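Chemist: sequence plus the predicted model coming up.
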Amino acid sequence: MANVVVVGAQWGDEGKGKIVDWLSERADVIARFQGGHNAGHTLVIGETVFKLSLLPSGIVRPGKLAVIGNGVVLDPWALFSEIDRLAGQGVAISTENLMIAENTPLILPLHQDLDKLREDAAGKAKIGTTGRGIGPAYEDKVGRRTIRVADLADEETLDSRLDRLLAHHDALRKGLGASPIDRADLKARLMEIAPQLLPYAQPVWKIMGDARKAGKRILFEGAQGSLLDIDFGTYPYVTSSTTTSGAAASGTGVGPGAIGFVLGIVKAYTTRVGEGPFPTELDDADGQRLGERGHEFGTVTGRKRRCGWFDAVLVRQTCAISGVNGIALTKLDVLDGFETLKICTGYEIDGVTYDYLPTAAALQAKVTPIYEEMEGWQESTAGARSWAELPAAAIKYVRRVEELIQCPVAMLSTSPERDDTILVTDPFAD
Ligand code: GDP
Ligand code: IMO
Ligand code: MG
């Protein structure tokens, strides 16, 4: 049975939510495996727009099981406010259709404090995080002092976890000039939310295993993008999790053999939110036009996204790292009406040509993109649902992208709307 892992192949916001939503019709289980509520996944279904941060996008379809895996960092207050918001949009969420791994680490208010304190202290060297406490929460997980979902079931365990956690945070906060944590208040807040959260807690590794044995189809929903990966991204301007496909296994408790098709989500141009290198960034009228036509404002923070031409070097690299079997190319319609389009095919650094982005920050800072120009198209591709509706120049652009990134297009997206999608190869096909 082919399971599908969806990963962002650029700097996030490639349109993962739309594609996961479309594919979830064919899936039984939809699982998030990393990240937290730093993600903002947009689904447009007719007149209704859903914005999901923590909940797997499959939650909006009745009869599907949504799973939050152990690789995620979970802010329980953010979770319930998202559940309430979706309930207001008519989506029923209960322990019947949502399960959370009992070994999932929590994001606490102290993580958000620390995220902001650090960003403020960094000044110009800031990362430009979403301020959701993601980095500090992962630090505490790896530092073996986090509080996990299951810890909320037993007061004694919670007490000892709090002791260990606060010994660390109070020392850190002192150094940053912040007051110590009010332990009694934090404990009271956790005890208050525990009865709401615990009914969702499950041994997700076991549920995933049972689902596989029963022949169910699993769709793994990645957050962020490969260039924000903690190892392979533009470090330190990255998020704090593994955003590449391998994390689907470790972030839910299945073996790597459970990963069938890896679908990389790729925007037809490039965007990035926050700080860090961006070789093809445009600060001219073309960049402005991409941002306006693509409505490039962050779903989570509302920040303006930086825009630039398609960078085939980076996508070839991330497709290789995640073992991408096919891509979903999104937002092709945003390129409608350009006279000419540019694609970055290589880099020049100190007179040397590179076919990949080297790791050293000093080299990354000196990258000059090597472009090839392609003829644009004046016709509209917006809402196209078949190849036949695409102008020849648009097809040429897509074919050139495939060639340069060495990976085929499995799906094409031509508007935010769920059904404005062209399927080329079914990722779920065995
Ligand atoms: P994600 O984080 O990868 O799920 O992406 P976001 O939802 O943050 O950002 C993608 C934005 O582009 C959303 O507003 C989508 O509704 C929109 N979108 C997705 N696919 C397309 C497309 O093919 N064309 C256009 N014009 N917009 C799209
Ligand atoms: P989705 O799932 C785009 C970026 C932040 C910042 C960096 C670190 O919607 O694609 P963090 O808060 O994670 O410590 O911030 O990562 N970032 C995203 N950019 N899309 C996202 O998620 C992102 N999640 C984090 O802007 O540069
Ligand atoms: Mg997003």
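Modeler: Great, that's in hand. Residues are numbered from 1 along each chain as shown. Ligands and ions are numbered 1, 2, ... in the order given.
Chemist: which element is the residue with the largest distance to the centre of the chain on?
Modeler: Centroid-distance maximum for the chain: Glu156 at 35.4 Å, with C-alpha atoms, centre = their mean. Counting by DSSP states H and E, the element that carries Glu156 is helix 155-175.
Chemist: what about the longest strand along the chain, distance to the chain center?
Modeler: For the chain, the longest strand by residue count, based on DSSP state E, is strand 340-349. Centre-to-centre, strand 340-349 and its host chain are 25 Å apart (C-alpha atoms, centre = their mean, to the nearest Å).
Chemist: what residues of it count as buried?
Modeler: 341-347, 349 (16 or more other C-beta atoms under 10 Å). Quick note: C-beta positions are derived from backbone N, CA and C, even for glycine.
Chemist: same thing with stretch 198-212?
Modeler: 200-202, 204-205, 207-208, 211-212.
Chemist: average pLDDT across it?
Modeler: When pLDDT is averaged over stretch 198-212, the result is 98.
Chemist: and if you look at stretch 357-367?
Modeler: For stretch 357-367, mean pLDDT rounds to 96.
Chemist: first-to-last residue distance for it?
Modeler: For stretch 357-367, the first-to-last residue distance is 9 Å (C-alpha to C-alpha, to the nearest Å).
Chemist: give me the contact list for that stretch.
Modeler: The contact list for stretch 357-367 (C-beta atoms under 8 Å, 6 or more residues apart in numbering) reads 234-235, 277, 279, 313-314, 317, 347-350, 354.
Chemist: and the gap between the residue farthest from the centre of the chain and Leu106?
Modeler: 17 Å (C-beta to C-beta, to the nearest Å).
Chemist: ok, now Ile422?
Modeler: According to C-beta to C-beta, Ile422 and Leu106 sit 41 Å apart.
Chemist: ligand 1 contacts on this protein?
Modeler: Residues of the chain lying close to ligand 1 by C-beta under 6 Å from any ligand atom are 8, 12-18, 40-42, 44, 295, 299, 330-331, 333-334, 413-416.
Chemist: ligand 2 next: which of those residues are close?
Modeler: 8, 12-13, 40-41, 299.
Chemist: of the residues you listed - the most surrounded one?
Modeler: Gly12 (30 neighbours; other C-beta atoms under 10 Å).
Chemist: in a strand, it, correct?
Modeler: No. Secondary structure of Gly12 (DSSP: H, G, I helix; E, B strand; the rest coil): coil, not part of a strand.
Chemist: which residues touch it?
Modeler: Applying C-beta under 8 Å, 6+ apart to Gly12 gives the contacts 39, 223-225, 228, 272-273.
Chemist: can I get the contacts of stretch 357-367 in TSV with pLDDT?
Modeler: As requested, those are exported to TSV (pLDDT from 0 to 100):
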residue	pLDDT
Thr234	97
Tyr235	97
Pro277	97
Pro279	98
Val313	98
Leu314	98
Gln317	98
Tyr347	98
Glu348	98
Ile349	97
Asp350	96
Tyr354	98
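Chemist: just the buried residues of these.
Modeler: For these, a burial check counting by 16+ other C-beta under 10 Å picks out 234, 279, 313-314, 317, 347, 349.
Chemist: the longest strand of the chain pairs with which strands?
Modeler: strand 310-311 (parallel), strand 352-354 (antiparallel), strand 368-375 (antiparallel) (DSSP bridges).
Chemist: which of those sits closest to ligand 2?
Modeler: Closest to ligand 2 of these is strand 310-311 (C-beta to the nearest ligand atom; 15.6 Å).
Chemist: low-confidence stretches in the stretch 301-430 of the chain?
Modeler: Counting by pLDDT under 70, not a single residue of the stretch 301-430 of the chain qualifies.
Chemist: what are the ranges of the strands in it?
Modeler: Listed in chain order, the strands of the stretch 301-430 of the chain (DSSP state E, counting those that start in this stretch) span 306-308, 310-311, 326-330, 340-349, 352-354, 368-375, 409-413, 421-423.
Chemist: hey, where'd the strands end up in the stretch 101-250 of the chain?
Modeler: Remark: strands assigned in the stretch 101-250 of the chain by DSSP E, counting those that start in this stretch are 201-202, 218-221.
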